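Undergrad: coordinates only, sequence not included:
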């Protein structure tokens, strides 16, 4: 009887647990530029509003720069997340400047970046967490202009 009560309590606790929510991205910046590679970095901030901890089990985000898909952020490393906490997940993406060459509006993309000294970055996809042993995708979409400085 005690085991049944404990299982029922655990089920009710985990069933009512809220899924962590994407809040914002901070510190998105250009961290490296060369003829062969552009690197962006930032921190995705999430809020876990429940008492139950969880584990981030993966990242799967498409990365767009000035409307052109330039890469993907993927990570399968497990990260433990405490209950009732705000947490950040570092994001890194590197892509080739040649990614812009594949697009029809190459001249427009290059001139826009050069004139504005900024690139519009858009991230879209999921951060996956394990909550009570169940994989739950957390949708994430982020759009911002990132300064590209001395181009």
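TA: On my side now, so go ahead. Bear in mind that the values here come from a model prediction, so they are computed numbers and not experimental data.

Undergrad: quick one: contacts of stretch 133-149?
TA: With contacts defined as CB atoms under 8 Å, 6 or more residues apart in numbering, stretch 133-149 is touched by 19-22, 24-25, 28-30, 33, 40, 44, 46, 57, 61, 113, 116-130. Heads up, the C-betas are built off the backbone N, CA and C, glycines and all.

Undergrad: repeat that for 6 Å
TA: For stretch 133-149, the surrounding residues in contact (CB atoms under 6 Å, 6 or more residues apart in numbering) are 19-20, 22, 25, 28, 30, 117-124, 126-129.

Undergrad: and the strands in this protein?
TA: Per DSSP state E, the chain carries strands over the ranges 21-33, 38-48, 54-65, 68-75, 79-81, 85-95, 118-131, 134-147.

Undergrad: can you add mean neighbour count and mean pLDDT and give the ones you listed back as CSV?
TA: Shown next, in CSV, are those (neighbours: other CB atoms under 10 Å; pLDDT from 0 to 100):
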stretch, mean neighbour count, mean pLDDT
strand 21-33, 15, 87
strand 38-48, 19, 89
strand 54-65, 19, 90
strand 68-75, 17, 87
strand 79-81, 15, 85
strand 85-95, 16, 88
strand 118-131, 19, 88
strand 134-147, 14, 88
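
Undergrad: tell me how far stretch 119-136 lies from the chain's centre.
TA: Per CA atoms, centre = their mean, to the nearest Å, the displacement of stretch 119-136 from the mean C-alpha position of its chain is 6 Å.
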